[in-house]
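K.L.:
Show me how the following folds:
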Amino acid sequence: MNTIDLSDPRAREALAPNWSRYQQFPTFSWEWCVQRSRIFWPLAVLYGAGVATWHAAGMNDWPSWPGFALQASFASLIVVSAGPIMAALVRRSGLRPWLEQLLVVVAILAGLGIATMAAQWIIDYHAGLMAVCTTKNMPTNPLFGLLSHALFKSVNGSSMAIIIGGGGFAIVSYLTERRRLADYASKRELEAMRVQRDEAEIRLSVLQAQVEPHFLFNTLASVRSLVATDPARAAATIDAMADYFRSTLPSLGEAGERNATVGKQVEICSRYLELMNIRSSGRIRIDIDVDGAATELFFPPLVLLTLAENAVKHGVGPKPGPAVVRISARRGADGALVVAVEDDGAGLRPGESHGLGLANVRAQLRNLFGDGAALSISGRETGGVRAAITIARPQ
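P.N.:
Take a look at the predicted model:
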């Protein structure tokens, strides 16, 4: 099945009704005028023919119909075209915005003046035909009087018709066009950010679905091997795993928002590191340094855990002997929150700062904070890696 890209102006034009298609283009652009003429020009000709028919039928003056219809149609075309065409010519000139707006308004006002003169031309021409018919004492149709009275009543609204047909109402659309385009662009940007956020959340969910079973199975395999050789350590591993999942599971789903604080996320990471310490025979030293002023600040769920997992996998894992993993959180004098995970492990290797987990972290930060948050990965002078998340003035 073929699909239609509604972000393509040509696609929106194709779907729009014929009578409103010209509104898909910038007001007073040349494309706007061309599309508009497809609606207003037939109406102008129809009006001219209708006025001529009304006169000819009412006064039994059919010989005058062709000339009256031609002149009335031509005058009607001037009414609906003069202002918009002059405004379009101004807009095509590439002037500065303020000058363009001024001259477009002047062009429309001048066009309305020309339209008024064209409408008066039709009235004067018809008055001349009526004078000839009266002189010749031509018989009239009884309905002509009623129609003439109705037409006279409608003359009071002719100025409004001239304003509408002459493009006067389009001035409002033109003058508010930049604001409407800015609003549209803002909505499109917000929609794009929403889509990116949803995609990042989906990728994170897939990553969790892949990592959690793998982590669980590996831990259970370790417990199984320890049951026979070191029962006490097996029991400690089970306790640590229970504590870890007790901290982590509430961060998934709707409850995650209630646990999305620095303090709670540091607690989750601490439980994870304690479990990994037991699994690695106690060679991981955990160092937690969190400023009390930062504990209750908002922090995205499971983002910090990704950094802790990377520190264990890429830093502690390849390093023989003892290792240190340090988690710190500080709020600076400028109000920015800096949360970091450091290790003294194997150090930064090419490609490790661009993995899928870190890409998801960056995507979540971008979707939640825009340009107000960033993730930096750097090597430490004493060895190891420092991964830091900076959030400008979190609430």
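
K.L.:
in this protein, which spans are strands?
P.N.:
With DSSP state E as the criterion, the chain has strands at 284-290, 323-331, 337-343, 373-379, 385-391.

K.L.:
Next, the angle from the longest one to strand 385-391.
P.N.:
Looking back up the chat, that one is strand 323-331. 20 degrees (axes from the mean of the first three to the mean of the last three Cα atoms, to 10 degrees).

K.L.:
Report all helices and strands that strand 323-331 contacts.
P.N.:
Judged by 3 or more Cβ pairs under 8 Å, 6 or more residues apart in numbering; DSSP states H and E, the packing partners of strand 323-331 are helix 262-279, strand 284-290, helix 303-310, strand 337-343. To be clear about C-beta, it is placed using only N, CA and C from the backbone, and glycine gets the same treatment.

K.L.:
Can I get it in CSV, CA atoms only?
P.N.:
The C-alpha trace of strand 323-331 is given here as CSV (Å, rounded to 0.1, in the frame of the first residue of the first chain):
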residue,chain,number,x,y,z
ALA,A,323,40.0,-2.1,41.8
VAL,A,324,38.1,1.0,43.0
VAL,A,325,34.8,2.3,41.7
ARG,A,326,33.8,5.7,42.9
ILE,A,327,30.4,7.4,42.6
SER,A,328,30.1,11.1,43.3
ALA,A,329,27.4,13.7,43.1
ARG,A,330,27.8,17.5,43.6
ARG,A,331,25.9,20.6,43.0
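
K.L.:
Given that strand, what are its sheet partners and their directions?
P.N.:
strand 284-290 (parallel), strand 337-343 (antiparallel) (DSSP bridges).

K.L.:
quick one: residue 319 from residue 340, how far?
P.N.:
Distance, residue 319 to residue 340, by Cβ to Cβ, to the nearest Å: 19 Å.

K.L.:
Point out where the stretch 51-200 of the chain drops to low pLDDT.
P.N.:
136-166, 180-181, 184, 196-200 (pLDDT under 70).

K.L.:
and with 90 instead?
P.N.:
Residues of the stretch 51-200 of the chain meeting the criterion pLDDT under 90: 51-64, 72, 75-76, 79-83, 91-98, 100-101, 104-105, 107-109, 111-200.

K.L.:
can you map out the helices along it?
P.N.:
When assigned using DSSP state H, counting those that start in this stretch, the helices of the stretch 51-200 of the chain occupy the ranges 65-91, 97-135, 142-155, 158-165, 170-175, 177-229.

K.L.:
residue contacts, the spatially closest residue to residue 388 that is not a sequence neighbour?
P.N.:
Distance criterion Cβ to Cβ, 6 or more residues apart in numbering; nearest residue to residue 388, sequence neighbours excluded, is residue 340 at 4.0 Å. Under the criterion of Cβ atoms under 8 Å, 6 or more residues apart in numbering, the neighbours of residue 340 are 326-329, 386-389.
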